[in-house]
Structures are given as structure tokens and as C-alpha cells.
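>>> Quick check, what structure comes out for this input:
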Amino acid sequence: MKSYNDKKILLTLLSIAIFAGLSGRWLESMHAGFPETDNLNSAAALLATEQNLAPQIPVPPSVTLGFVGDIMLDRGVRAKVVKNLGGDYEKTFAQADFLKTPDIMFANLEGPVSDVGADGHSTYSFRMDPKAIPAIKDAGIDVVSFANNHVGDWGRAAFEDTLSRLHTSGILSCGAGMTKAEAATPAIIDQNGYTIGFLCFSDVGPDSMAATDAKSGILLASDPDFDAIVRSAAGKVNALIVSFHFGVEYRTTHTARQEMLAHEAIDDGAVMVVGAHPHVSEDIATYSGAPILYSLGNFVFDQNFSKETRSGLFVTATLDGRSVSDLASHTVVFDKNFVPSIKEEE
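You can find the predicted model right below:
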């Protein structure tokens, strides 16, 4: 490789040679009565090109990310859809065009979406209508966490059926799989030259749904392989986002355990941590330059008993390499039919 001084000398000699040659031709053309201005312009363009020695490396565009909290379309929500929205789940998202703005949109899917399985007879047992999946997809959701405390409400059959339906629809899921290895594999999206991974854990069970080598299920935050799982996932992508189903329901500030898990995930290679489960929004923090959204609260949920549960967060961010910036938080509220929209500024 030539040194900078060598290149400078070569450029100087080249400039002199071009100028000398063109000067002679220009004098000849003047003697003939018509200057060769085209040649002069060409020479100027050549010199400008040669002087730009630094290779022009294209800068990949950034990626915009969007996050919302819990989506639960059963129980009271289903009743409103049937009674007031003509049974059309797409109308639930009629005021949520903002979901289509980010390049990648993430949410938590709070329970199975299936028509099979055995009810666990829990007071809070969710099983959403399969018609909800295309509505969620059309609304703009690209990837969902399916590692939460309600995934086993209707047994493993409904759990596995949900994974199949999500896959068929084109919605990626994270934290869940037919084996532990599959659950530990991040959901990966290639966007704008980046490979972005989503890895999800539940810190609130159910322990009975923990994935094993021979059994379908979810990743638990208490897994002794937690650090190895996160590091392995981070090594597969340009940027890894880790989601936790953690915290205490209806508490608006994060706990010490939430903080510990979030920091550990970032230390293991995550560029961002996103949380759900408390059904209310919690504080936003940073650690080692990485944002932590401790709880996004509800997005679509039939919890209208308080101001905090009737709202959640829609958060956007920009991913540039491994750097997350331009974090913006918007309050989302839902109406009497549990249709979410962004709250107007007062």
C-alpha cells in the first residue's frame, strides 16, 4: 500500500502532465480559432475525481423501533368486539395507525390465540379467538413476546397451536418454542442492513411451561443458563433486544429484581431491555448507555378500573449500529370498547 506522500507526489505529477498536455492542445485550438473547452471541462472533472482518494463507504440507514405492552383480546375485550364492533377484531386497532410507523413493531401477546386446548379453570384464563391474529398482523405488529404467565392457560395444545398460527401469519414470536433450544433462539429480523434479534423471558412463570429439550414451553428468567442464553443470542445478531415479563402488578416503579435482571441482560450483550406484566407503565431508565423500559403497561386489555390500567406506553427509538437513541414515549389510552389511541396533548 502506497504512503500518503507517495500518493501526493503522483497526483502532483499527474496534474502537471494533464495541464501541460491540455495547454498545448488549447494553444493549438486558439491558433485554429476555436478553443477546445470540452477538453478543459473533462480535465477538471478528472482532476476532481483523482483527488478524492478516500473510498466512499456507504453508511447503512438506521432502523426505527416501536414498542407497546400487553395485548389481550379475550374476556371483556372479546365481548365488546362481538357486541359493538361487529365481531371484527381489526376495528380494535382502528385508531392505532401509529403502529405502522416504525420499521419494527414489538408487543407482548398475553395468552394463547387458539380454538383448542383444555381450560385450566383459572379466574384469569385467557384464550383469544384465532381471528385476532390477522388483525394483530394487519395492525402492524411484527414480533411478539410469548413468554408470560398466561401462555399455559389452556394447556400445551393451545400453546403450540398459537406458535403455529403466529408462524403461519408471519408474526415472529420470542421466548417460546417446541424445545428449549428453539425458545432460546432469538426472533431475528433483517432490516436496513442490520440483523436485529429479540429474546424474551418470563420471571412470573408458569414454571410448568418451562421449555426443555423434549418439551415445548417458554424461557424463564430463573433459568441457570440465563447468561449463556443471552450471550449466545447476542452473538447471532448485530443488536439484541431482551424482553422480560417481570415486576409486580399495578406497581408504577420497578423492583430491585427487575433492575438486576435488566442490568444482567445488558452486561450479557443486550442493547435494550423492554418489560411488561404490571399492567401499568413504569419508569424508563438507562444502564451502560442502554435504555430500559421497565413496563409498557396495557395496550389492549379489559382493565378499566383505574387511570393507570386504562393507559400504557407507545415508545419509539432509533437503532444505529448498536446504539439506541431518540427515545420517545407516548401515552396510549383505550375507550369503552378497549380501542387504543394516542392520548392528545393537553
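
>>> Output the longest strand belonging to this structure.
Among the segments of the chain that qualify as a strand by DSSP state E, the longest is strand 323-334.

>>> does residue 182 sit in a helix, a strand or a coil?
helix (DSSP: H, G, I helix; E, B strand; the rest coil).

>>> Without its sequence neighbours, what residue ends up closest to it?
residue 211 (7.5 Å; Cβ to Cβ, 6 or more residues apart in numbering). Backbone N, C-alpha and C define where each C-beta goes, glycine included.

>>> pretty sure the one you found is in contact with residue 163, am I right?
No: between residue 211 and residue 163 there is no contact, the gap being 11.1 Å when judged by Cβ atoms under 8 Å.

>>> Between those two, which contacts overlap?
176-177 (Cβ atoms under 8 Å, 6 or more residues apart in numbering).

>>> domain assignment for this protein?
Following automatic domain parsing, one gets these domains for the chain: 4-51, 63-342.

>>> a markdown table for these, including mean neighbour count and mean pLDDT?
Formatted as a markdown table, the domains of the chain follow (neighbours: other Cβ atoms under 10 Å; pLDDT from 0 to 100):
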| stretch | mean neighbour count | mean pLDDT |
| --- | --- | --- |
| domain 4-51 | 12 | 44 |
| domain 63-342 | 20 | 97 |
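
>>> Which is the succeeding secondary structure element to the longest strand of the chain?
Heading C-terminal from strand 323-334, the first helix or strand you meet, by DSSP states H and E, is strand 340-342.

>>> starting at the chain centroid, how far to that next one?
Distance of strand 340-342 from its chain centroid, counting by Cα atoms, centre = their mean, to the nearest Å, is 20 Å.

>>> For that strand, name the packing helices and strands.
strand 323-334 (3 or more Cβ pairs under 8 Å, 6 or more residues apart in numbering; DSSP states H and E).

>>> What is the strand it packs on packed up against?
Counting by 3+ Cβ pairs under 8 Å, 6+ apart, strand 323-334 packs on strand 270-276, strand 290-293, strand 298-300, strand 311-320, strand 340-342.

>>> So for stretch 85-102, first residue to last residue, what's the gap.
27 Å (Cα to Cα, to the nearest Å).

>>> Likewise for stretch 296-314?
With Cα to Cα, one end of stretch 296-314 sits 7 Å from the other.

>>> again, but for stretch 170-177
Where stretch 170-177 begins and where it ends lie 15 Å apart, using Cα to Cα.

>>> Send me the longest strand of the chain as PDB with only the CA atoms.
What follows is strand 323-334 as a C-alpha-only set of coordinates in PDB (Å, rounded to 0.1, in the frame of the first residue of the first chain):
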ATOM      1  CA  SER A 323     -26.600   2.500  19.700                       C
ATOM      2  CA  VAL A 324     -30.200   3.200  20.600                       C
ATOM      3  CA  SER A 325     -31.200   6.800  20.600                       C
ATOM      4  CA  ASP A 326     -34.100   9.200  20.000                       C
ATOM      5  CA  LEU A 327     -36.200   7.500  22.600                       C
ATOM      6  CA  ALA A 328     -39.800   9.000  22.500                       C
ATOM      7  CA  SER A 329     -42.600   8.000  24.800                       C
ATOM      8  CA  HIS A 330     -46.300   8.500  24.000                       C
ATOM      9  CA  THR A 331     -49.300   7.800  26.300                       C
ATOM     10  CA  VAL A 332     -51.800   5.300  24.900                       C
ATOM     11  CA  VAL A 333     -55.400   5.200  26.200                       C
ATOM     12  CA  PHE A 334     -58.300   3.000  25.300                       C
END
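
>>> That one to strand 311-320, inter-axis angle?
Angle, strand 323-334 to strand 311-320, by axes from the mean of the first three to the mean of the last three Cα atoms, to 10 degrees: 160 degrees.
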